[in-house]
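In: Let me see the structure of the following:
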Amino acid sequence: MDAFFVISGFGVGVLVGLTGVGGGALMTPLLIFGFGVAPAVAVGTDLMFAAITKANGVWVHARQSSVEWRIVGWMLMGSLPATLITLLVLRQVDIRTDAAQEAMTITLGIALIASAGALIFRRRLAQSDTGLTHDETGRKTRIATVVTGVVLGALVTMTSVGAGALGAAALFWLYPRMKAVRVVGTDLAHAVPLATVAGLGHWQLGTVDWVLLVSLLMGSLPGIYIGSRLSSRVPEIWLRSVLASLLLVIGLGAVFGGRLMA
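Out: Reported below is the predicted structural model:
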């Protein structure tokens with residue numbers, strides 16, 4: 001099975017390199033529905049996977065000065081406490097029971113559907129008039145950014161999904177004057193510490209499969225490199241439409257007990 005995990009990691013890595021999103025949104029449901037990995041283990045392993053694979057992207061964006069560290073700090077003020085609280089809740093319940101696994105799967109489906117919507121309406125969100133355009137450093141915007149972090153912290157810890165597509169969509173909506181490259185850099189800079197803390201918490205819960213993680217990384221790292229090199233040759237709109245459709249179908253299947261996946 002290790003070979004299949006390496007191949008799967010490579011495929012997801014190529015898609016991440018091509019689109020910039022989709023790591024957790026594709027890897028977690030692939031592990032659950034494709035390989036039968038327990039939802040809790042799939043989430044925990046994918047969180048560590050995300051923390052490692054996205055770290056290089058943060059380094060690149062930081063060197064290019066395309067990270068708004070002030071906004072990253074505001075988001076972390078909400079997401080890290082929410083992550084710790086969510087981990088404490090997960091520690092109090094037996095996440096290996098059928099009821100807990102079903103709850104995580106349904107939450108994952110909702111997150112995937114939301115991610116699909118974020119991809120579909122990304123441009124509209126970037127062009128929308130939120131009323132915050134002239135107050136991007138004001139109190140209302142800061143509070144909204146912290147609240148966004150709270151939502152992402154809880155959602156990512158439960159499902160490993162949301163730090164990419166949903167985080168970027170929220171930033172486009174809150175900061176419509178921010179350039180796309182800075183949105184991506186800021187979103188990545190927030191995602192790495194969030195995924196790291198959540199992943200380490202899942203490790204303490206015993207829901208990180210390190211052998212599986214290494215297999216996925218062996219395939220994904222070259223896949224991300226190849227996908228990044230090919231990204232300029234493939235129409236972004238087409239790729240995002242296909243990815244959004246795939247996430248929507250998988251999300252609906254997860255919410256409705258896999259009936260659409262059958």
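In: How about the contacts made by Ser8?
Out: Met27, Leu30, Gly34, Phe35, Leu216, Gly219 (CB atoms under 8 Å, 6 or more residues apart in numbering). For the C-beta atoms, the positions are set from N, CA and C on the backbone; glycine is no exception.
In: mind running it again at 7 Å?
Out: Leu30, Gly219 (CB atoms under 7 Å, 6 or more residues apart in numbering).
In: so what's it scoring on pLDDT?
Out: pLDDT recorded at Ser8 is 85.
In: do you know how far it is from Thr107?
Out: The gap separating Ser8 from Thr107 is 22 Å, by CB to CB, to the nearest Å.
In: Repeat that for Gly117.
Out: Computed as CB to CB, the Gly117 to Thr107 distance reads 16 Å.
In: Equivalent analysis for Ser241, please.
Out: From Ser241 to Thr107 the distance is 25 Å (CB to CB).
In: Which of these two has more residues huddled nearby?
Out: Thr107 (19 against 13; other CB atoms under 10 Å).
In: Need the pLDDT of the more buried one.
Out: Looking at Thr107, the pLDDT reads 84.
In: My understanding was that it contacts Thr159; is that so?
Out: Yes: in terms of CB atoms under 7 Å, Thr107 counts as a neighbour of Thr159; the distance is 5.4 Å.
In: Please name the nearest non-neighbouring residue to Trp183.
Out: Check again: residue 183 is Val, not Trp. Leu171 (4.7 Å; CB to CB, 6 or more residues apart in numbering).
In: what's near enough to touch the one you found?
Out: Contacts of Leu171 (CB under 7 Å, 6+ apart): Met178, Val183, Thr186, Asp187.
In: Sort out for me which of the residues you listed are in helices.
Out: Among the contacts of Leu171, the members falling in helices (DSSP state H) are Val183, Thr186, Asp187.
In: In a markdown table, list those along with pLDDT, distance to Leu252 and neighbour count.
Out: What follows is the ones in helices among the contacts of Leu171, written out as a markdown table (pLDDT from 0 to 100; distance: CB to CB, whole Å; neighbours: other CB atoms under 10 Å):
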| residue | pLDDT | distance to Leu252 | neighbour count |
| --- | --- | --- | --- |
| Val183 | 84 | 28 | 24 |
| Thr186 | 89 | 30 | 25 |
| Asp187 | 87 | 25 | 31 |
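In: quick one: which of those residues is nearest to Gly167?
Out: Asp187 (4.5 Å; CB to CB).
In: thought that closest one was touching Ala169?
Out: No: using CB under 7 Å as the test, Asp187 is too far from Ala169 to be in contact (9.3 Å).
In: which ones are touching Val181?
Out: For Val181, the contacting residues are Ser66, by CB under 7 Å, 6+ apart.
In: In the stretch 151-262 of the chain, where is pLDDT below threshold?
Out: By pLDDT under 70, the weakly predicted segments of the stretch 151-262 of the chain are 231-232, 234-240, 257-262.
In: Can you list the residue ranges for strands in it?
Out: Applying DSSP state E, counting those that start in this stretch to the stretch 151-262 of the chain gives no strands.
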